[in-house]
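[1] Coordinates for the following, if possible.
(2 chains)
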2 protein chains.
Amino acid sequence: MQRYKCIISYDGTQFAGYQVQPSKRTVQGEIEKALNKLHKGIDVKVSASGRTDAGVHARGQVIHFDSPLLIPLAKWEVALNTLLPDDIATIRTELAADDFHARFDAKGKEYRYFIHRSAQRNPFKRHYAYQYPYSLDVKKINKAVPFLIGEHDFTSFCSAKTDVADKVREIRKIEVLEEEDMLIFRFVGNGFLYNMVRILAGTLLGVGAGDISPESIPVILEKKDRAYAGKTAPAQGLYLWEVHY
Amino acid sequence: MQRYKCIISYDGTQFAGYQVQPSKRTVQGEIEKALNKLHKGIDVKVSASGRTDAGVHARGQVIHFDSPLLIPLAKWEVALNTLLPDDIATIRTELAADDFHARFDAKGKEYRYFIHRSAQRNPFKRHYAYQYPYSLDVKKINKAVPFLIGEHDFTSFCSAKTDVADKVREIRKIEVLEEEDMLIFRFVGNGFLYNMVRILAGTLLGVGAGDISPESIPVILEKKDRAYAGKTAPAQGLYLWEVHY
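    From the prediction side, this is the model:
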């Protein structure tokens, strides 16, 4: 048996999320279907760095799986891409140590959130960014950012449905990029709770819109209550950009 | 009755083309459905500058229609965008003269063809560019361009199925743009025959690949036979960019 590490990219639009669910089209389900075909009917279990929700995209999701097949690395990519649907692509396949784990070994992650600042609906961006037609004060957003950097209990910034006990995470970097009519938030951290990036994005948008003051961020963190943070920004703007090991 | 001119944009991926076809999802069909709702059940016929094929996109298609409704222009956009599916958007609505015709009054058109130069499949570009993994000599392509400029009989560059008698068209400009991993062909002309832009793009790609010499373009034109030009490049790379009046 050889363990493989594989970097994959997917357009989340037509998936009910990453994780396998009965009778739904999922990223994991499609990958396991492709691996089953490649292994002539033998099931191969796939583990990812983490789940992504319905509609959320990945530029660099990382998975691992074990295989008895001795295929040269370059051919894995071709073989998998041939069997995968066209909204999933393998970017790179590597040999991994037997104890490598896509989730437990991840040291950090980068997510990006794309906001299309326009009053004009754009059919080409509808699945790939959150269209935001109102004015935004980017200076205010940049004022809020430093309050989020560092190690904090992010209870206020995660879905109330989360069952993880420890809600302390470290955000290493947040960058606010402006590219033409796009506003992009880059979030780098050691890990993110359920819906955390979307709530961070929604809260920063709330700051930009003037509904939340930059200085209230420490108060929101302090409250440890989801109700105090901003809205959960919609799925289509979110990309799992990179996983760091 | 007031005639309206409307600039629309659509993602062609999920349409069986622009023109209405029985029991197929078409751009015209969706617009006429929206107008029917807006006119409380009264059918409104829509005329476009021309058809686009299944999978072909439009950034600036132009349509016209007549309506007895007295809605301020700014509200037309909102009303239509509310009723249209999210893969069609109205960009601008204008009052038009009673005799304005989106097709017959068009003085020229611009199409763009997008080529994604990469061996790497990209799920986010699959519907919006033609992935071309082989090497291309852009200098050769630029050498071929001048032979296509001007007034020519483009019989060799249109689908054999075309029933138009006069196949003389004028190409005013062809630009070859390189942006990161994208190669973009800009075609500006007084009009284009059926599949003409896709065959021009396929032929220029054939030149770049070394299969067709730049100097053979005049010979191909001369032959007046579709068999001599290059392949028809796939629909997903093509955008009706602008219509000139």
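
[2] what helix or strand does A:Ser33 sit in?
    Actually, residue A:33 is Lys. It isn't Ser. helix A:27-38 (DSSP states H and E).

[3] quick one: strands adjacent to whatever helix or strand comes next after that helix?
    The helix or strand immediately downstream of helix A:27-38 is strand A:47-48, counting by DSSP H and E. If you go by DSSP bridges, strand A:47-48 pairs up with strand A:57-67 (antiparallel).

[4] buried residues in the strand it pairs with?
    Buried positions in strand A:57-67, judged by neighbour count with 16 or more other CB atoms under 10 Å in any protein chain shown: A:His57, A:Ala58, A:Arg59, A:Gly60, A:Gln61, A:Val62, A:Ile63, A:His64, A:Phe65, A:Ser67. No exception for glycine: its C-beta is placed from N, CA and C like everyone else's.

[5] What is the longest helix seen in chain A packed up against?
    Assignment by DSSP state H gives helix A:196-209 as the longest helix of chain A. For helix A:196-209, the packing partners by 3 or more CB pairs under 8 Å, 6 or more residues apart in numbering or on different chains; DSSP states H and E come out as strand A:108-117, helix A:138-148, strand A:168-179, strand A:182-189, helix A:217-223, strand A:238-244.

[6] got the contact list for that helix?
    Under the criterion CB atoms under 8 Å, 6 or more residues apart in numbering or on different chains, residues A:111, A:113, A:115, A:130, A:132, A:134-138, A:140-141, A:143-145, A:148, A:154, A:157-159, A:169, A:174, A:176, A:185, A:187, A:212-214, A:217, A:220, A:226, A:229-235, A:237-238 lie in contact with helix A:196-209.

[7] What angle do strand A:168-179 and it make with each other?
    Helix A:196-209 and strand A:168-179 are oriented at 50 degrees to each other (axes from the mean of the first three to the mean of the last three CA atoms, to 10 degrees).

[8] Could you list the buried residues of helix A:196-209?
    Going by neighbour count (16+ other CB under 10 Å), the buried part of helix A:196-209 is A:196-209.

[9] Let's have these in TSV, adding distance to B:Gln28 and pLDDT.
    Formatted as TSV, those follow (distance: CB to CB, whole Å; pLDDT from 0 to 100):
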residue	distance to B:Gln28	pLDDT
A:Met196	44	97
A:Val197	40	98
A:Arg198	37	98
A:Ile199	42	98
A:Leu200	43	98
A:Ala201	37	98
A:Gly202	38	98
A:Thr203	43	98
A:Leu204	41	98
A:Leu205	37	98
A:Gly206	41	98
A:Val207	43	98
A:Gly208	39	98
A:Ala209	38	98
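
[10] Of these, which is the nearest to A:Gln2?
    A:Val197 (33.2 Å; CB to CB).

[11] and the helix or strand of chain A with the lowest mean pLDDT, does that touch chain B?
    Between all helices and strands in chain A, the lowest mean by mean pLDDT, DSSP states H and E belongs to helix A:73-83, at a mean of 92. Yes: on the criterion CB under 8 Å from any CB of the partner chain, helix A:73-83 is in touch with chain B at A:Asn81.

[12] picking that back up, and the helices and strands packed on helix A:196-209: which comes nearest A:Lys75?
    Per CB to CB, nearest to A:Lys75 of the helices and strands packed on helix A:196-209: strand A:238-244, 23.7 Å.

[13] quick one: the nearest residue to A:Pro123 once chain neighbours are set aside from B:Ala58, how far?
    Leaving out its chain neighbours, the residue that sits closest to A:Pro123 by CB to CB, 6 or more residues apart in numbering or on different chains is B:Asp11, at 4.1 Å. Distance from B:Asp11 to B:Ala58, counting by CB to CB, to the nearest Å: 9 Å.

[14] same deal with A:Lys37?
    Computed as CB to CB, the A:Lys37 to B:Ala58 distance reads 38 Å.

[15] can you pull the contacts of the closest residue to A:Val145 other than its chain neighbours?
    Among residues not flanking A:Val145 along the chain, A:Ile174 sits closest, at 4.7 Å (CB to CB, 6+ apart). Residues in contact with A:Ile174 (CB under 8 Å, 6+ apart) are A:Val145, A:Leu148, A:Ile149, A:Phe185, A:Arg186, A:Phe187, A:Val188, A:Leu200.

[16] The residues you listed, buried ones only, as a ChimeraX selection?
    Those of the contacts of A:Ile174 that count as buried under 16+ other CB under 10 Å are selected in ChimeraX with:
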select /A:145,148,185,187,188,200
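
[17] between the contacts of A:Ile174, which is closest to A:Gly50?
    Minimum distance to A:Gly50 across the contacts of A:Ile174 is 13.6 Å, recorded for A:Phe187 (CB to CB).

[18] what does chain A put close to chain B?
    A:9-11, A:57, A:81, A:86-89, A:91, A:120-124, A:126, A:128.

[19] If we use 10 Å, what do you get?
    A:8-13, A:57-59, A:77, A:81, A:84-92, A:119-128, A:131, A:239 (CB under 10 Å from any CB of the partner chain).

[20] Just the buried residues from those residues, in PyMOL please.
    Buried members of the residues of chain A next to chain B, defined by 16+ other CB under 10 Å, are picked up in PyMOL with:
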select buried, chain A and resi 8+9+10+11+12+13+57+58+59+77+81+84+85+87+88+89+90+91+121+122+123+124+125+126+127+128+131+239
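
[21] In helices, which of the residues of chain A next to chain B fall?
    A:Glu77, A:Asn81.

[22] Of the residues of chain A next to chain B, which belong to strands?
    Of those, the ones assigned to strands by DSSP state E are A:8-10, A:57-59, A:88-92, A:131, A:239.

[23] now for the residues you listed, which pair is the farthest apart?
    Spanning the widest gap among those are A:Arg92 and A:Gln131, at 32.3 Å by CB to CB.

[24] Show me how chain A divides into domains.
    Here the domain assignment for chain A is A:2-96, A:108-244, based on automatic domain parsing.

[25] Give me the distance between A:Leu193 and A:Ala160.
    Applying CB to CB to A:Leu193 and A:Ala160 gives a distance of 11 Å.

[26] In a strand, A:His152, correct?
    Yes: A:His152: assigned to a strand according to DSSP: H, G, I helix; E, B strand; the rest coil.

[27] ok, and the closest non-adjacent residue to A:Thr162?
    A:Tyr194 (4.5 Å).

[28] just A:Gly50 next, same as before
    Leaving aside its chain neighbours, A:Gly50 sits nearest to A:Arg103 (6.2 Å; criterion: CB to CB, 6+ apart).

[29] And for that neighbour, the neighbour number?
    A:Arg103 has 15 neighbours, counted by other CB atoms under 10 Å in any protein chain shown.
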